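Novice: got a predicted structure here, sequence first:
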Protein chains: 2
Amino acid sequence: MKSTINYIQEKAAQVNQALHQVIEEMTGVPPLLKESMAYSLLAGGKRIRPVLVMATVESLGGDVKRAMPFACAIEMIHTYSLIHDDLPSMDNDDYRRGKLTNHRKFGEDIAILAGDALMTEAFGLMATGAKEAGISSEVALQMIAEGVKATGARGMVAGQIYDLQAENQAVSLEHLKRIHRLKTGKLIAYSVRTGAYIMNASPRVMETLTQFAYGLGLAFQIQDDILDVIGDQQKLGKKTGSDQEKNKATYPALLGLEGAKRELADCIEQTKRRIANVPEIQSYRLLEIADYLLSRDQ
Amino acid sequence: MKSTINYIQEKAAQVNQALHQVIEEMTGVPPLLKESMAYSLLAGGKRIRPVLVMATVESLGGDVKRAMPFACAIEMIHTYSLIHDDLPSMDNDDYRRGKLTNHRKFGEDIAILAGDALMTEAFGLMATGAKEAGISSEVALQMIAEGVKATGARGMVAGQIYDLQAENQAVSLEHLKRIHRLKTGKLIAYSVRTGAYIMNASPRVMETLTQFAYGLGLAFQIQDDILDVIGDQQKLGKKTGSDQEKNKATYPALLGLEGAKRELADCIEQTKRRIANVPEIQSYRLLEIADYLLSRDQ
């Protein structure tokens, strides 16, 4: 497990450096806005999504440097979604990544605008970074359109709507899976697909990696739900027990804690099997990331 | 003046139809989200920005149909900015375009997400609509990047931050102009530039139209400030007198009502002169729009 963590940490450090640079190079941004954007974007976090872009590029024999603009853009979109989800009118969370949430630090108005700006600038980074990533303009446009599908009204935002509507409601396991697929699955799948796009993967490899990513996203979410029950608040950097407090539908709530753990183990095994024996994919880093997600305590 | 209004109304009707179609064609969107997006997007409004895209395309001898995807995208971005600006933590407005503001109708959480979705989908429309508009992928990427500059951390969002910071502050005329240039000027300039991009305008024509657009944006804002003092609440579809209530820096506040009116007339005259005698630009529709903005009461 050590080598995986080292790999993830090493890649995450590269992402952090690149994100610092993205913020630094933004000239003409009001200081308060920049501070608020940087506060959440540079707050650490696991950087799973950008690391997946990089690991996918490597698994197809490419250089991670090519992954960087899109990897950063995806992390910016993820961060915007966290800032907005934490707002008082949504999840009303006070802590995130071990720090006060953006609105608790800067006020709601600035937090909303920092999220807006991060999202907008993410698409700008995709548009301007395509050349650096060695992506043709045609493919870059296709990737932007797909990023919109993954995160907009038919993706992440849709998931957040369904999630809000599910509070205090009886929710089936099937509906819960649908929410997660939209809210987190699509962006994780997009991360892996971005790596595959960069490497000009065949449709078959693209599809295989996509199914792997959806499995990974689901496992990630089950583990998130489990950690909200048994996790260490200190390590997680956010309050635990909040799902139950809000009467949210979760895997432990629907399957019991042990049932959720079994579901997670099954999900990880099935997910790993999808890419284990595909000749075009040097899968070991991606498999390690899957194992790490299973064993993580934060 | 009648013909201008007819022209603007005719083009606005085409925009409305296209926006309806954009919303209709969005499959897989949660019904409540779609309703909230449609509520604000299809609430009417002057459609000045998309009409400017179309009029610019026509002024350069093109077919307005080519303008439509980008024209709709720009109106979606404008609408998202209105939804978020109206929120309680920002301008806290109850009425917009003669209807309850989005958050007053759907709640803050849904309003924030509807704004997020409109913005995201706007960039998707640019990415997928480029081909329909006959724009090369290279140019489409450049236009997306420029749209991000106009609306993100260095554009519209920056303007909103400065605007919030200016409340209850003594603000110079110069600073007020800077706020407006960011908050409304850049998106209006982007609208005109979008038309010029679609028509593959020369750098000189592009620059001339850009300066025209910035002038127009400034005039539009001065008139907005004036209408907040002397306008008819019924016609405007929103509360008047709110700038003074919030102690906002405005042209009438800084120059007096008569001074603001003179500034507006000067600005319109200078702005019209920029494009009046440029052989490549069939300027009469754009000039009529400028006159309409001067005479409008809503």
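Specialist: Nice, I can see it. Numbering: from 1, shown residues only, chains lettered A, B, ... in the order given.

Novice: use CA for all of it now, contacts and neighbours both
Specialist: OK.

Novice: show me where the stretch 101-250 of chain A has helices.
Specialist: A:102-106, A:108-129, A:137-151, A:156-166, A:173-180, A:186-198, A:203-230, A:233-236, A:242-245 (DSSP state H, counting those that start in this stretch).

Novice: where among those is average confidence lowest?
Specialist: Among those, helix A:233-236 carries the lowest mean pLDDT, a mean of 74.

Novice: buried stuff in that one?
Specialist: Within helix A:233-236, the residues that count as buried by 16 or more other Cα atoms under 10 Å in any protein chain shown are A:Leu236.

Novice: just give me the neighbour total for A:Pro31.
Specialist: Neighbour count of A:Pro31, defined by other Cα atoms under 10 Å in any protein chain shown: 12.

Novice: could you give the backbone dihedrals for A:Lys99?
Specialist: As for A:Lys99, its main-chain torsions (degrees, to the nearest 10) stand at phi -130, psi 160.

Novice: brain fart, A:Tyr95
Specialist: Note on A:Tyr95: backbone dihedrals following degrees, to the nearest 10 are phi -130, psi 150.

Novice: who wins for proximity to A:Glu75 among the helices of the stretch 101-250 of chain A?
Specialist: helix A:108-129 (8.4 Å; Cα to Cα).

Novice: name the helices or strands packed onto that closest one?
Specialist: helix A:31-41, helix A:68-85, helix A:102-106, helix A:137-151, helix B:108-129, helix B:137-151, helix B:156-166 (3 or more Cα pairs under 8 Å, 6 or more residues apart in numbering or on different chains; DSSP states H and E).

Novice: using CSV, write out the CA atom coordinates for the fifth one.
Specialist: This means helix B:108-129. In CSV, the C-alpha atoms belonging to helix B:108-129 read as follows (Å, rounded to 0.1, in the frame of the first residue of the first chain):
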residue,chain,number,x,y,z
GLU,B,108,-32.0,29.8,-2.7
ASP,B,109,-30.6,26.3,-3.3
ILE,B,110,-32.4,25.7,-6.5
ALA,B,111,-31.7,29.2,-7.7
ILE,B,112,-27.9,28.8,-7.1
LEU,B,113,-28.0,25.5,-9.0
ALA,B,114,-30.1,26.8,-11.9
GLY,B,115,-27.5,29.6,-12.3
ASP,B,116,-24.7,27.1,-12.2
ALA,B,117,-26.4,24.9,-14.7
LEU,B,118,-27.2,27.8,-17.1
MET,B,119,-23.5,28.9,-17.0
THR,B,120,-22.2,25.4,-17.6
GLU,B,121,-24.6,24.6,-20.4
ALA,B,122,-23.8,27.9,-22.1
PHE,B,123,-20.2,26.8,-22.6
GLY,B,124,-21.6,23.4,-23.8
LEU,B,125,-23.7,25.2,-26.4
MET,B,126,-20.6,27.1,-27.6
ALA,B,127,-18.7,23.9,-27.9
THR,B,128,-21.4,21.9,-29.7
GLY,B,129,-22.8,24.9,-31.7
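
Novice: now the angle from it to helix A:68-85?
Specialist: Per axes from the mean of the first three to the mean of the last three Cα atoms, to 10 degrees, the angle that helix B:108-129 makes with helix A:68-85 is 160 degrees.

Novice: write out the residues of the stretch 151-298 of chain A neighbouring chain B.
Specialist: A:Thr151, A:Gly152, A:Ala153, A:Arg154, A:Val157, A:Ala158, A:Ile161, A:Tyr162 (Cα under 8 Å from any Cα of the partner chain).

Novice: let's see it at 10 Å
Specialist: Taking Cα under 10 Å from any Cα of the partner chain as the measure of proximity, the stretch 151-298 of chain A contacts chain B at A:151-162, A:164-165.

Novice: most surrounded residue in these?
Specialist: Going by other Cα under 10 Å, A:Ala153 tops these with 30 neighbours.

Novice: pretty sure that residue is touching B:Leu118, no?
Specialist: Yes - shown here, A:Ala153 and B:Leu118 form a contact pair, counting by Cα atoms under 10 Å, at 7.7 Å.

Novice: what touches both of those two?
Specialist: Counting by Cα atoms under 10 Å, 6 or more residues apart in numbering or on different chains, the shared contacts of A:Ala153 and B:Leu118 are B:Lys34, B:Met37.

Novice: can you tell me the SS state at the nearest residue to A:Ile5 once chain neighbours are set aside?
Specialist: Closest residue in space to A:Ile5, ignoring its immediate chain neighbours: A:Tyr292 at 7.3 Å, by Cα to Cα, 6 or more residues apart in numbering or on different chains. Three-state assignment for A:Tyr292 (DSSP: H, G, I helix; E, B strand; the rest coil): helix.

Novice: number of residues surrounding A:Tyr292?
Specialist: Neighbour number of A:Tyr292 under other Cα under 10 Å is 16.

Novice: separation between it and chain B?
Specialist: Per Cα to the nearest Cα, to the nearest Å, A:Tyr292 is found 32 Å from chain B.

Novice: likewise A:Ile48?
Specialist: In terms of Cα to the nearest Cα, A:Ile48 sits 22 Å off from chain B.

Novice: same check on A:Arg47?
Specialist: Taken as Cα to the nearest Cα, the span from A:Arg47 to chain B is 22 Å.

Novice: repeat that for A:Gly231.
Specialist: Distance, A:Gly231 to chain B, by Cα to the nearest Cα: 28 Å.

Novice: in contact with that residue, which residues?
Specialist: Going by Cα under 10 Å, 6+ apart, A:Gly231 touches A:Gln223, A:Asp224, A:Asp225, A:Lys238, A:Lys239, A:Thr240, A:Gly241, A:Arg296, A:Asp297, A:Gln298.

Novice: please repeat the previous calculation with a cut-off of 7 Å.
Specialist: A:Thr240, A:Asp297 (Cα atoms under 7 Å, 6 or more residues apart in numbering or on different chains).

Novice: what is the burial count for the spatially closest residue to A:Met126 that is not a sequence neighbour?
Specialist: Nearest residue to A:Met126, sequence neighbours excluded (Cα to Cα, 6+ apart): A:Phe70, at 5.7 Å. When counting by other Cα under 10 Å, one arrives at 29 neighbours for A:Phe70.

Novice: what's the answer for A:Pro279, then?
Specialist: Applying other Cα under 10 Å, we find 9 residues neighbouring A:Pro279.

Novice: next, it: secondary structure please.
Specialist: Reduced to three states with three-state DSSP, the structure at A:Pro279 is coil.

Novice: pLDDT at it, what is it?
Specialist: On the pLDDT scale, A:Pro279 gets 95.

Novice: and the angle from the helix or strand harbouring A:Gly259 to helix A:203-230?
Specialist: Using DSSP states H and E, A:Gly259 sits in helix A:251-276. Angle, helix A:251-276 to helix A:203-230, by the same axes, to 10 degrees: 150 degrees.

Novice: circling back to that earlier point, in CSV: the helices and strands packed on helix A:108-129, plus distance to B:Tyr39.
Specialist: Output for the helices and strands packed on helix A:108-129, formatted as CSV (distance: least, Cα to Cα, whole Å):
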stretch, distance to B:Tyr39
helix A:31-41, 29
helix A:68-85, 21
helix A:102-106, 27
helix A:137-151, 21
helix B:108-129, 10
helix B:137-151, 22
helix B:156-166, 22
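
Novice: of all those, which lies closest to B:Lys261?
Specialist: Here helix B:156-166 is closest among these (Cα to Cα), at 21.8 Å.

Novice: which other residues reach the closest one?
Specialist: So helix B:156-166 is contacted by A:Val29, A:Pro30, A:Leu113, A:Ala117, B:Ala150, B:Thr151, B:Ile179, B:His180, B:Leu182, B:Lys183, B:Thr184 (Cα under 7 Å, 6+ apart).

Novice: neighbours around the fifth one, how many?
Specialist: Translated: B:Ala150. Using other Cα under 10 Å: B:Ala150 sits among 26 other residues.

Novice: what residues are up against it?
Specialist: Shown in contact with B:Ala150 (Cα under 7 Å, 6+ apart): B:Met156, B:Lys186, B:Leu187, B:Tyr190.
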